[in-house]
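Undergrad: have a look at this prediction, sequence included:
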Amino acid sequence: MPRVFKKRRLTAGAAIIVASTMALTACGGGDEGEDGGDSKAAGYNAAIGKIANPSKKKGGTLKFVAKQDLDYADPQRMYFGMSWDFSRYYARTLVTYDTKPGEAGNKLVPDMAEDMAKVSEDGKTYTYKLRDGLTWEDGSKLTSEDIKYGISRIWDKDVITGGPGYLRSTLDPKEEYKGPYKDKNLDNLKSIETPDDQTIVFKLPKPNGDFEQMLAMPTGAPVKAAKDTRAKYDQKPFSNGPYKFESRHVNKSITLVRNKAWKKSSDPIRPALPNKITVAINKNLEENDKRLMAGDYHIDMNGTGMTQSGRTTAIQDHRDSVDNMQTDFIRYVALVTKTKPLDNVNCRKAVFYATDFAALQQTRGGKLVAGEIANSPYPKSIPGNDDYDPYGVLERKGKPDEAKAKAELKKCGKPNGFETVITARNDNPGEEDAAEAMQEQLGKVGIKLEIATFSGQDSSNMSGSLEKVKKEGYGMVMTGWGPDFPSGQGYGQPLWDSRFIQKTGNYNEAQINDKSIDKAFDDAIATTDPAEAKKIYTDLGHKILDEAYWMPFLYEKNISWRSPNATNVYSTAGYSGRYDYVMLGVK
């Protein structure tokens with residue numbers, strides 16, 4: 001992927017931002033029933049903390065549009081939040097998140113299991129009994145061994161790339177098991193036992209209070225060994241949910257149809273309202289917004305918000321069909337510690353002082369539309385978030401301090417600045433503009449940025465590839481992250497723990513290799529005292545900032561479209577503020 005050097009082009013966008021912010025302010029934050037917008041729509045912010053268009057009606061086709069495809073359809077490989085949300089149509093887990101709006105959606109409830117785990121007194125053994133009537137799409141019985149086999153696949157990292165490694169590192173920290181493709185004897189994965197078809201037992205080497213959160217991820221989904229096509233399984237996973245794949249054309253379209261072998265009596269979670277679910281994938285973001293507003297589609301599957309022009313039109317002309325959603329995502333720039341001169345802490349600190357956080361906020365729509373300036377590396381929902389602000393970002397209302405930036409450059413031996421490359425995804429609203437804003441800002445103190453752009457679909461093989469990062473000289477990675485589950489471990493471990501660095505699909509983009517950070521995670525995970533864990537995570541967050549490894553700049557909000565013809569629409573904390581896809585229906 002060639003690198004491109006860009007001039008800043010924010011003037012036209014600034015006018016759009018002002019217009020959309022003024023229009024949103026004029027809305028007054030109204031609830032359903034206010035005048036204006038679409039007469040049939042539920043109302044502005046009608047899906048925030050409540051259900052817009054509640055209905056039990058079955059039938060019809062639910063139509064998603066997306067700027068990018070699922071990162072993977074294979075449940076063990078997926079890591080995008082929207083993929084996890086979408087996977088519940090066809091990949092069930094032992095436990096899952098409750099189907100309720102807002103914070104109530106963070107509660108774990110039984111899915112394939114009859115009840116939550118029976119946990120031993122020492123916190124090391126988790127036992128589940130499966131519900132009756134669990135089936136595969138061919139009508140065959142789903143067993144506990146299918147669940148064990150599905151999970152076992154994540155040990156074979158040469159084939160099953162991309163997904164989270166929590167279950168692997170928790171159940172087998174020494175990685176003694178080699179995976180089912182190298183070792184076909186599943187009994188050698190000794191930390192998971194299946195005494196009978198209806199029982200599965202997990203034996204942890206040491207307690208981990210977040211273990212059930214890990215099982216709620218798609219990595220905990222079953223896979224039928226006879227249907228496992230290894231890397232090709234991603235093309236068409238075998239379903240145990242209410243829908244199955246009719247077709248999947250990567251980067252073009254997805255079609256799900258009813259799985260007639262699924263039994264509602266075995267599934268307390270999914271109402272399975274639509275007859276068919278389609279996803280049209282189109283990289284033209286502005287066109288996607290227009291077609292959503294025209295009624296061609298119901299929901300944006302990616303859930304990252306509308307474009308500047310799209311939200312302006314939506315707010316002005318159809319405001320009863322939009323939600324201004326507070327997500328659990330943080331927008332940030334990872335400073336790559338293996339790329340010179342950002343291996344020097346003072347050069348990294350210079351970036352913090354030279355950055356105009358307020359301008360970055362404006363590139364994404366301003367405070368009201370895009371969210372507050374972030375000072376903490378944690379979202380506000382995660383224990384560990386506090387008001388620590390070592391660079392005075394909030395005190396200066398986001399404005400840069402060029403004098404301090406230049407002082408840090410002198411300390412790192414680069415008094416005239418340096419050159420490096422910043423990455424940005426060209427299909428994420430505002431990310432390119434934010435990179436261009438940083439290009440101008442940092443240039444004032446002599447830090448010259450070259451901008452490398454690629455699609456979000458390619459990020460795991462670009463900014464997530466250690467080889468590519470080294471070859472291209474990427475020094476900064478602009479992206480965003482939401483919690484895998486609501487704890488310091490579930491948010492920060494993939495980002496900052498050196499043991500989570502992977503050759504590809506790497507999310508520790510800063511390549512932090514600090515054993516004291518790794519130990520902090522171990523200590524926080526080991527404690528049974530929530531206050532003690534919070535203190536450890538708080539101190540850890542301070543260290544991430546003190547060492548300038550990772551620069552948060554926004555607690556993200558976005559403007560999302562909700563079709564007047566979509567039913568049961570609500571934002572859920574279980575999926576970082578996205579709509580709960582599995583509950584959706586159509587009028």
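TA: That came through, no problem.

Undergrad: now do the contacts for Gly163.
TA: For Gly163, the contact set (Cβ atoms under 8 Å, 6 or more residues apart in numbering) comprises Tyr72, Gln76, Arg77, Met78, Tyr79, Ile154, Pro218, Thr219, Gly505. Using the backbone N, CA and C atoms, a C-beta is placed for each residue, glycine as well.

Undergrad: please disregard the earlier target; I meant Ala435.
TA: Counting by Cβ under 8 Å, 6+ apart, Ala435 touches Lys6, Ile422, Thr423, Ala424, Leu449, Ile451, Thr453, Met478.

Undergrad: report the secondary structure state of it.
TA: helix (DSSP: H, G, I helix; E, B strand; the rest coil).

Undergrad: give me the pLDDT for the closest residue to it other than its chain neighbours.
TA: Leaving aside its chain neighbours, Ala435 sits nearest to Ala424 (3.9 Å; criterion: Cβ to Cβ, 6 or more residues apart in numbering). The per-residue pLDDT reported for Ala424 equals 96.

Undergrad: checking Ala424 next. Helix, strand or coil?
TA: Judged by three-state DSSP, the three-state class of Ala424 is strand.

Undergrad: of all the contacts of Ala435, which comes closest to Ala113?
TA: Closest approach to Ala113 among the contacts of Ala435 (Cβ to Cβ): Met478, at 39.7 Å.

Undergrad: can you name the residues bridging to the closest one?
TA: Val333 (DSSP bridges).

Undergrad: what about it, distance to Ile422?
TA: 6 Å (Cβ to Cβ, to the nearest Å).

Undergrad: what do these two both touch?
TA: Counting by Cβ under 8 Å, 6+ apart, the contacts common to Met478 and Ile422 are Val333, Ala435, Met438.

Undergrad: buried ones only from the contacts of Ala435, please, as a PyMOL command.
TA: Provided next is the PyMOL selection string for whichever of these are buried by 16 or more other Cβ atoms under 10 Å:
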select buried, resi 422+423+424+449+451+453+478
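
Undergrad: picking that back up, and the shared contacts of Met478 and Ile422 as TSV, adding pLDDT and distance to Asp546?
TA: Shown next, in TSV, are those (pLDDT from 0 to 100; distance: Cβ to Cβ, whole Å):
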residue	pLDDT	distance to Asp546
Val333	98	16
Ala435	96	25
Met438	97	21
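
Undergrad: in TSV: those, plus distance to Lys190.
TA: What follows is the shared contacts of Met478 and Ile422, written out as TSV (distance: Cβ to Cβ, whole Å):
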residue	distance to Lys190
Val333	42
Ala435	47
Met438	49
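
Undergrad: closest one to His542 out of those, please.
TA: Here the nearest of these to His542, counting by Cβ to Cβ, is Val333; it sits at 18.3 Å.

Undergrad: list the contacts of the closest one.
TA: Val333 is in contact with Val351, Thr355, Ile422, Met438, Met476, Val477, Met478, Trp550, Met551, Phe553, counting by Cβ under 8 Å, 6+ apart.

Undergrad: so the last one: helix, strand or coil?
TA: With three-state DSSP as the basis, the three-state label of Phe553 is strand.

Undergrad: from Lys397, how far off is it?
TA: According to Cβ to Cβ, Phe553 and Lys397 sit 13 Å apart.

Undergrad: which residues do these two both contact?
TA: Both Phe553 and Lys397 are contacted by Ile373, under the criterion Cβ under 8 Å, 6+ apart.

Undergrad: so who does the spatially most central residue of the chain touch?
TA: Compute the mean C-alpha point of the chain, and by Cα atoms, centre = their mean the closest residue is Gly81, 3.6 Å away. The neighbourhood of Gly81, defined by Cβ under 8 Å, 6+ apart, consists of Gly303, Gly482, Tyr575, Ser576, Arg578.

Undergrad: correct me, but the fourth one touches Asp328?
TA: Yes - between Ser576 and Asp328 there is a contact at 4.2 Å, judged by Cβ atoms under 8 Å.

Undergrad: which residues do these two both contact?
TA: Both Ser576 and Asp328 are contacted by Gly482, Pro483, under the criterion Cβ under 8 Å, 6+ apart.

Undergrad: what about the closest residue to Tyr297 other than its chain neighbours, how many neighbours?
TA: Once flanking residues are discounted, Tyr297 sits nearest to Val65: 4.0 Å by Cβ to Cβ, 6+ apart. When neighbours are counted by other Cβ atoms under 10 Å, Val65 registers 23.

Undergrad: kind regards, and thank you for your time.
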